[in-house]
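Student: here's my sequence, what's the structure:
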Amino acid sequence: MENFSRQDKAIIRALQEDFPLCEEPYKILAERVGISEEEFLRRVRQLIDEKKIRKMGAVLRHREVGFNANALCAWHVPPDKLDEIAQAMSLNAAVSHCYDRTPVPNWNYNLYTMIHAKTRDECEKIIGELSTATGVGDYKILYTKKEWKKTGMKYFCEGLPTN
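Tutor: Next comes the predicted model:
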């Protein structure tokens with residue numbers, strides 16, 4: 001792994017923990033690292049520019065916020081319309097994930113959206129709206145049966161106490 005300063009490792013550890021839900025989350029993270037918010041943000045931008053941080057994202061614990069019906073919808077989209085349709089579908093607030101995959105024999109679906117709603121009926125209504133808006137009528141709905149533990153990658157944690 002590339003050279004990371006002790007401070008950069010602390011910043012990365014802070015970013016991979018639960019994000020503070022407050023008006024100034026980066027100020028809280030900076031305090032945990034022991035630097036100013038301005039320095040924290042400057043270092044994060046630099047780590048991104050250096051490609052040492054390539055992705056930052058949220059993990060939605062959908063059941064904890066009331067979304068009990070969740071479905072992965074597999075869509076068969078014309079390849080020449082894939083980007084356009086994916087962009088349109090990803091704008092829907094109920095869609096948390098939207099990505100393409102190469103079709104395989106006997107499964108010609110190439111676009112996948114994860115839909116979160118309070119009920120299955122609501123999921124199906126959202127999927128119907130997406131279908132109507134995009135003109136894609138060939139799809140399969142795969143409902144969540146079991147939720148697996150959701151965790152992100154953890155870096156620079158060696159030597160730290162475990163929970």
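Student: pretty sure L111 contacts S90?
Tutor: No. Between L111 and S90 there is no contact under Cβ atoms under 8 Å: 10.1 Å. Bear in mind the C-beta positions are built from the backbone N, C-alpha and C, glycine included.
Student: between these two, who's got more neighbours?
Tutor: Taking other Cβ atoms under 10 Å, L111 and S90 do not tie; L111 has more neighbours (24 against 13).
Student: show me where the chain has its strands.
Tutor: With DSSP state E, the ranges of strands along the chain come out as 69-75, 95-100, 111-117, 139-143.
Student: partners of the third one, with directions?
Tutor: Within its sheet, and counting by DSSP bridges, strand 111-117 is paired with strand 69-75 (antiparallel), strand 95-100 (antiparallel).
Student: of all the ones you listed, which one is nearest N3?
Tutor: Nearest to N3 among the strands paired with strand 111-117 is strand 95-100 (32.6 Å), distances taken as Cβ to Cβ.
Student: give me the buried stretch members for that closest one, please.
Tutor: 95-96, 98, 100 (16 or more other Cβ atoms under 10 Å).
Student: can you check stretch 113-124 too?
Tutor: So for stretch 113-124, counting by 16+ other Cβ under 10 Å, buried means 113-117, 122-124.
Student: go on, stretch 101-111?
Tutor: 109-111.
Student: just stretch 31-51 next, same as before
Tutor: In stretch 31-51, counting by 16+ other Cβ under 10 Å, buried: 33, 35, 40-41, 43-44, 47.
Student: how about the residues you listed in a markdown table, adding distance to K154 and pLDDT?
Tutor: Listed next are the buried residues of stretch 31-51 as a markdown table, based on distance: Cβ to Cβ, whole Å; pLDDT from 0 to 100:
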| residue | distance to K154 | pLDDT |
| --- | --- | --- |
| V33 | 16 | 94 |
| I35 | 21 | 96 |
| F40 | 19 | 96 |
| L41 | 22 | 96 |
| R43 | 19 | 96 |
| V44 | 17 | 95 |
| L47 | 16 | 94 |
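Student: thanks a lot, catch you later.
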